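In: okay, here's the prediction I keep looking at, along with the sequence it came from:
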Amino acid sequence: MKFIDLLHTASSSMLRSKARTILTIIAIFIGATTITLTNGIGTGIKSYLNKQIGNLGATNVLTIQLTNPSSSGPKSASSAPAPYNSNQRVAAISGGRNFEQQLLMSAKNINTIKANPGILSAVPARAISPDYIMGLSGKYQLSLAQQFGATSAQMLAGGGVNNNSSENQITIPGNYVSSLGYSSNQAIIGKTVTIGITSAEGIQSTVTTTVVGVQQIAVIGSASAYANTSLANQLYNIQSTGLPAATVNSYTTVAATFPSNFTPAQITSLENRLKTEGYTGQTVKDRENTVFTALNVIIIVFDMFGVIALLAASFGIVNTLLMSVQERTKEIGLMKALGMSPRRIFTLFSIEAVLIGFWGSALGVGFAALLGKVINTIGQNGFLKDFKGLSLLTFPITTIVAVIVGIMLIAFLAGTLPAIRASKKDPIEALRYE
Amino acid sequence: MNSVVATKNVSKTYGKGEAAFSALENVSLSIAPGESVAVVGKSGSGKSTLMHILALLDKPTNGTVLVDNQDASSLNGRQLDVLRNKRYGFVFQQFFLNEKDTVLNNVILPLKIGRVGRKERLERGMKVLKAVELEEKATSRAGTLSGGQKQRVCIARALINNPGVIFADEPTGNLDSHTGKTVEDLLFRLNKEQGITLIIVTHDPDIAQRCKRQLHIIDGRLTNKGNI
Ligand SMILES: Nc1ncnc2c1ncn2[C@@H]1O[C@H](COP(=O)(O)OP(=O)(O)OP(=O)(O)O)[C@@H](O)[C@H]1O
Ligand SMILES: [Mg+2]
């Protein structure tokens, strides 16, 4: 038989016992829908986070800390304290329930970091704690971070800060615009705002800066404003006035930039080189990956439900086809008597199995995509209003094809047992069968 | 001597040991091209068993089957399939039609199996349906036909590949005497006009008499010599 005739024969025999076929297809449908939906959510969230990654800071910056051999993992609390080392100083850092020890760095460390090929600049990442930000009227709390490297946050208006400019520049999150007294994102660009900050001696001063950009509000990372080098330096100088020099000049974290066209492999080798020198460097991507790992675990758990549904469905396929083979003993015997080879009989039943898999998965994937569209529309007008640009469910064509092909493969495997049984039918037995 | 089908000392035993049952014993025969042969005998005597072995649907326990003077056991699976598809036509007592499919589709099944194209299938299908006078039933479902019409559809299906040999196992067994006669006439006309070799298993003495030769089977043995 030609392939097209096999396909034809298989689909018409599939339709012969409609109820049975439809029930099997429904089982596959449920599995396919579940798997597509969970993966759709995973992909949607991931691609949104990827777009938002800029809000965590520039992607071409390594956040570098000294690797503390005594503080690796939770067991550090119970293990013996590290011996004194005149070159090492330690700061206590609040990390959730536990306090972690963090080794402090000095100018010397910055120079070793800078000496690495590929490092463009290395500056201490200092915590700046402004008191307030003020626009046309009213003072508001502000979380401020220094912008290292190029801005990669998504901008609603304006652009990123210029670190080479001697002018003070700032980008603010979108939700500050109206509080600062401006009617639109565009209206605040180029305007001056005031930042209040208190020195170590307790004296409050103000610094003015130009707003150059309005950032989209982030889901991950806090809604920080970003200062250029000039503004950050000025604020830090005020904040540290009155502190001993040893404190001012020791840092827990150094921000080092590398060329933004570095490949992931180049970044990894840079990180490895720093590791051998005793530093732990992390990019925003690295931090994002820890989030993704957690997300993947959740997706896998949901996928399991889909897989269980598919497992049940594949037994449904085995059962459906075994019954079909039994019922069609005469037909199989006749086809063999008329010269159809066992291999073709096998193919015929395999095609039937794959067809059931195809219809179940295609309908399931289609239904999931439709459901996703509805949920996205509802979400964007309701519970996801604040997350502009988030499609909760995203279905790349690769996922859709992978789910359909995967299920067709499962269906094929489930169909092998009945198909082998059919191909081994003895025509004589079939002709005597009544 | 030239033969389309022949056997040498063929035996068929079902089961093993105590339960062993010998359905055929030492059957030797030879059938020449264009001959018409009736296989007659009591129920359970081994007629169908012999026909299945002659048609290569079953294998003998002992002895050899010859196809065109060649040992059939030397044929591989593919050659057997081609032989059954192209050279043999089968007509069974229980019809074996796909009742839910159309008459035409039932008739062209051997062509589908033999990978013949759609257009040619249609042409040849209509041609054989015409030969059995059923062309106006081509698009009817096979299940809606009468017994005699069903058997003519089976004959049309057996004819579609212009076979050299037609094996018919009680082709009129399920038919009343009048429709039985129509089917009988059709088979003998094909034998006479197209020279198709006819091997008919039958209870009907009239059909047996119309055949050039009768093979009598009693308890799995041929009573007369199979050779002419
Ligand atoms: N698969 C089998 N296993 C055991 N015995 C069998 C088998 N097939 C046939 N037989 C036996 O072989 C003998 C011959 O059977 P066969 O069908 O050839 O008879 P028959 O002459 O065609 O009879 P009928 O006229 O009733 O069709 C019978 O006794 C039958 O019971
Ligand atoms: Mg019989």
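Out: The structure has been received and is ready for your questions. Ligands and ions are numbered 1, 2, ... in the order given.
In: can you tell me the closest non-neighbouring residue to the residue in chain A positioned nearest to chain B?
Out: Distances between chain A and chain B by CB to the nearest CB are smallest at A:G339, namely 2.7 Å. In short, each C-beta sits where N, CA and C put it, glycine included. Take A:G339 and drop its neighbours on the chain: the residue closest to it by CB to CB, 6 or more residues apart in numbering or on different chains is B:N85, 2.7 Å away.
In: B:V116 is in contact with the one you found, correct?
Out: No - assessed by CB atoms under 8 Å, B:N85 is found out of contact with B:V116, at 10.2 Å.
In: how about stretch A:113-123: buried residues?
Out: Buried residues in stretch A:113-123, counted by 16 or more other CB atoms under 10 Å in any protein chain shown: A:113, A:116, A:119, A:121-123.
In: among those residues, which one lies nearest to A:Y236?
Out: For these, the minimum distance to A:Y236 (CB to CB) is 10.8 Å, reached by A:V123.
In: residue contacts, that closest one?
Out: Applying CB atoms under 8 Å, 6 or more residues apart in numbering or on different chains to A:V123 gives the contacts A:110, A:148, A:229, A:254-256.
In: thinking again about what came up before, wait, what's in contact with the residue nearest to A:G339?
Out: Under the criterion of CB under 8 Å, 6+ apart, the contact partners of B:N85 comprise A:338-340, B:110, B:113-114, B:161.
In: distance-wise, check the residue of chain A closest to chain B relative to A:S13.
Out: 19 Å (CB to CB, to the nearest Å).
In: before we move on, the earlier item: is it fair to say the residue nearest to A:G339 lies in a helix?
Out: Yes - counting by DSSP: H, G, I helix; E, B strand; the rest coil, B:N85 is part of a helix.
In: ok so, going back, reformat the contacts of A:V123 as JSON lines; add secondary structure and neighbour count.
Out: JSON lines is the format used below for the contacts of A:V123 (DSSP: H, G, I helix; E, B strand; the rest coil; neighbours: other CB atoms under 10 Å in any protein chain shown):
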{"residue": "A:I110", "secondary structure": "helix", "neighbour count": "18"}
{"residue": "A:F148", "secondary structure": "coil", "neighbour count": "23"}
{"residue": "A:T229", "secondary structure": "helix", "neighbour count": "20"}
{"residue": "A:V254", "secondary structure": "strand", "neighbour count": "21"}
{"residue": "A:A255", "secondary structure": "strand", "neighbour count": "22"}
{"residue": "A:A256", "secondary structure": "strand", "neighbour count": "26"}
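In: dump the residues you listed into TSV; add pLDDT and distance to B:K150 as well.
Out: Formatted as TSV, these follow (pLDDT from 0 to 100; distance: CB to CB, whole Å):
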residue	pLDDT	distance to B:K150
A:I110	84	96
A:F148	78	87
A:T229	88	94
A:V254	86	91
A:A255	86	88
A:A256	86	88
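In: so which of those would count as near ligand 1 as well?
Out: Restricting the contacts of A:V123 to those within reach of ligand 1 (CB under 6 Å from any ligand atom) leaves nothing.
In: out of those, which comes closest to A:L370?
Out: Checking these one by one against A:L370 (CB to CB), the nearest turns out to be A:F148, at 44.0 Å.
In: pull out the buried residues from stretch A:395-403.
Out: Of the residues in stretch A:395-403, those scored as buried under the neighbour-count criterion (16+ other CB under 10 Å) are A:395, A:399-400, A:403.
In: got the residues of chain B near chain A?
Out: If contacts are counted using CB under 8 Å from any CB of the partner chain, the residues of chain B sitting beside chain A are B:52, B:55, B:57-58, B:77-78, B:81-86, B:90, B:92, B:94, B:96, B:98, B:100-101, B:109-110, B:112-115.
In: which of those residues are buried, as a PyMOL select command?
Out: Selecting just the buried residues from the residues of chain B next to chain A in PyMOL takes one command, with 16+ other CB under 10 Å as the test:
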select buried, chain B and resi 52+55+57+58+81+83+84+85+90+92+94+96+98+101+109+110+112+113+114
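In: so which of the residues of chain B next to chain A belong to helices?
Out: In helices, judged by DSSP state H, the following of those are found: B:52, B:77-78, B:81-82, B:109-110, B:112-113.
In: widest-spaced pair of those?
Out: Spanning the widest gap among those are B:H52 and B:K112, at 23.4 Å by CB to CB.
In: residue ranges of the helices in the chain, please?
Out: Picking chain A for this. With DSSP H as the criterion, chain A has helices spanning A:3-14, A:18-52, A:107-114, A:185-188, A:229-239, A:245-248, A:264-276, A:284-327, A:329-337, A:342-381, A:397-423, A:427-432.
In: nope, chain B
Out: B:47-54, B:77-82, B:103-107, B:109-113, B:118-131, B:147-159, B:177-194, B:205-210.
In: spatially central residue in chain B, please.
Out: Residue closest to the average C-alpha location in chain B (CA atoms, centre = their mean): B:F167, at 1.3 Å.
In: how far off centre is stretch B:111-118?
Out: Stretch B:111-118 sits 21 Å away from the centroid of its parent chain (CA atoms, centre = their mean, to the nearest Å).
In: what about it, how long is it end to end?
Out: This stretch, stretch B:111-118, spans 9 Å end to end (CA to CA, to the nearest Å).
In: what mean pLDDT does that stretch get?
Out: The predicted model gives stretch B:111-118 an average pLDDT of 93.
In: what lies in contact with that stretch?
Out: Contacts of stretch B:111-118 (CB under 8 Å, 6+ apart): A:1-2, A:5, A:9, A:335, A:338-340, A:344, B:85-86, B:108, B:120-121, B:124-125, B:160-161.
In: now stretch A:149-162, how far from the centre of its chain.
Out: Its chain's C-alpha centre lies 22 Å from the corresponding centre of stretch A:149-162 when counted by CA atoms, centre = their mean.
In: so stretch A:321-338, near ligand 1 or not?
Out: No - judged by CB under 6 Å from any ligand atom, stretch A:321-338 and ligand 1 are separated, with a smallest distance of 13.4 Å.
In: now that stretch: how far from the chain's centre is it?
Out: 51 Å.
In: buried sites along that stretch?
Out: By neighbour count with 16+ other CB under 10 Å, stretch A:321-338 contains the buried residues A:321, A:324-325, A:328-338.
In: gap between the two ends of that stretch?
Out: 22 Å.
In: quick one: average confidence on it?
Out: Averaging pLDDT along stretch A:321-338 yields 89.
In: contacts for that stretch next, please.
Out: With contacts defined as CB under 8 Å, 6+ apart, stretch A:321-338 is touched by A:13, A:17, A:20, A:342, A:345, A:349, A:352-353, A:414-415, A:417-419, A:421-422, A:425-431, A:433, B:55, B:57, B:84-85, B:90, B:96, B:98, B:109-110, B:113.
In: now the residue nearest to A:G339: how far from A:M134?
Out: In this structure, B:N85 and A:M134 are 93 Å apart, going by CB to CB.
In: interface residues of chain B facing ligand 1?
Out: Contact residues, chain B versus ligand 1 (CB under 6 Å from any ligand atom): B:14-15, B:21, B:23, B:41, B:43-49.
In: which residue, other than its chain neighbours, is closest to the closest residue to ligand 1 within the stretch 251-400 of chain A?
Out: For the stretch 251-400 of chain A, the residue closest to ligand 1 is A:G333, as judged by CB to the nearest ligand atom, at 13.4 Å. Using CB to CB, 6+ apart and skipping residues adjacent in sequence, the residue nearest A:G333 is A:A430, 2.0 Å away.
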